[in-house]
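Chemist: Below are the sequence and a predicted model for it; my questions follow.
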Amino acid sequence: MRALAVLLALALAGCQSAPQNGPQSAIPNEVGIGTRSTFAIATPAGLVGLDAAGKIIGRIATLPKGAVPSAPVLHPSGRIFFALSQTLEGLGFGSDIYSVNVDGTDLRAVITREGPDVFYASPSFEASGNVMYVHRRAAKQEANNPGVYLETEDRIERLDLRTGERQKVLSDGAEPAVLPDGKTLVYVRIDRGQQAGLYTIGTDGSKPQPLLKTGDRFWWLQAPRVSPDGRELTWSSAGRTSAVPVGPPVAGGNGGRLAHLDIPSELYVAPLDGTSLRSITTTMDDVTPAWSPDSTRIAFIAMGTFFVVSVQDAAVVVKAQTAGFNYGDPIFLH
């Protein structure tokens, strides 16, 4: 799991500083790379474009020095929105929400943090693109021991991109994903600083309830993503316990399935009514999944390898090395 996420006990994918060298310096940076890319991935090396075979084409945008992107999402207008973690003068380390054209032009801040140790992450949009939901985390460090956090506040906020109006939807929630009806969110519920499962809630903050009706629980889960056709949800989880048997162990035991703190990690898919779920692949690490536009494939990066797998039978469609970075958050551009 991400270093800062472990430190704060919640996944804010990619929210840690990284030097702009190594894989970053070896990747081309040209205007228009995004228009030639099938995928974009947010990595410590920047916002990177890949072709259909998973080969790196180059960096899509020039980001501020030392900044690390995460959780990209493609806006209906074609712009890429993402979280950007960086150290700012007077504010220290945290993360903001940015957007950029696919061709790499017009990089701009959409939400700028208002104080130190504030992290914005996980943008998600209604189908119209007019309203964005984000996870906001505010952390309080111990005065005499920087890096040790005494407490955190998690909440989900709503931003009207037309008017700039912002409001809190709920407290104790993270990683929102908007359902196709535009009236419901799926999110990770937080209870006294700890994860408490996948929940749904009205966008007006009403009727929170558990998503899964199967009796399954997870020690760790992250990155819920709703399929474009509105039928299913995928997410990455470790430490599943179930009211019913979940099948025989993988051949060779858990040696090939270790992820979050050496707990088996898998990629799950469930219908939005939460009446069932299935594991479609083991990932060797916690991952951030991304749906294809036709909802038939899921992309993710695990242990330095970019994968695209079939939702139906978990067949590997694309497998490619990622040139030196071990993790990243992908999206399909088309």
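Modeler: Right, received. Where do you want to start? Since we're looking at a predicted model, the values are computed, not measured.
Chemist: where in the protein is pLDDT low?
Modeler: Scanning the chain for pLDDT under 70 picks out 1-26, 141-143, 145-150, 243-264.
Chemist: OK, contacts around the spatially most central residue of it?
Modeler: By Cα atoms, centre = their mean, the chain has its centre lying nearest to residue 71, at 4.2 Å. By Cβ atoms under 8 Å, 6 or more residues apart in numbering, the contact set of residue 71 is 13-14, 42, 82-83, 121-123, 288, 329. Using the backbone N, CA and C atoms, a C-beta is placed for each residue, glycine as well.
Chemist: Give the partner strands of the host helix or strand of it in its sheet and their orientations.
Modeler: Assigned by DSSP states H and E, residue 71 belongs to strand 68-74. Strand pairing for strand 68-74, using DSSP bridges, gives strand 80-88 (antiparallel).
Chemist: The strand it pairs with: what's the following helix or strand?
Modeler: Per DSSP H and E, strand 80-88 leads on to strand 92-100 as the next helix or strand towards the C-terminus.
Chemist: Run the chain-centre distance for the next helix or strand after that following strand.
Modeler: Note on strand 92-100: by DSSP H and E, the next helix or strand toward the C-terminus is strand 108-111. Mean C-alpha position of strand 108-111 versus that of the full chain (Cα atoms, centre = their mean, to the nearest Å) differs by 18 Å.
Chemist: do the same with stretch 82-89
Modeler: Here stretch 82-89 is found 16 Å from its chain centre; the criterion is Cα atoms, centre = their mean.
Chemist: for stretch 42-51, same thing?
Modeler: Here stretch 42-51 is found 14 Å from its chain centre; the criterion is Cα atoms, centre = their mean.
Chemist: Restricting to C-alpha, output that stretch in PDB.
Modeler: Only the C-alpha atoms of stretch 42-51 are listed here, as PDB (Å, rounded to 0.1, in the frame of the first residue of the first chain):
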ATOM      1  CA  ALA A  42      -0.800   8.500 -12.700                       C
ATOM      2  CA  THR A  43       2.600   7.400 -11.300                       C
ATOM      3  CA  PRO A  44       5.600   8.700  -9.400                       C
ATOM      4  CA  ALA A  45       7.000   9.400 -12.800                       C
ATOM      5  CA  GLY A  46       4.100  11.700 -13.600                       C
ATOM      6  CA  LEU A  47       1.000  11.500 -15.800                       C
ATOM      7  CA  VAL A  48       2.100   9.000 -18.400                       C
ATOM      8  CA  GLY A  49       0.500   7.900 -21.700                       C
ATOM      9  CA  LEU A  50       0.500   4.300 -22.900                       C
ATOM     10  CA  ASP A  51      -0.500   2.800 -26.300                       C
END
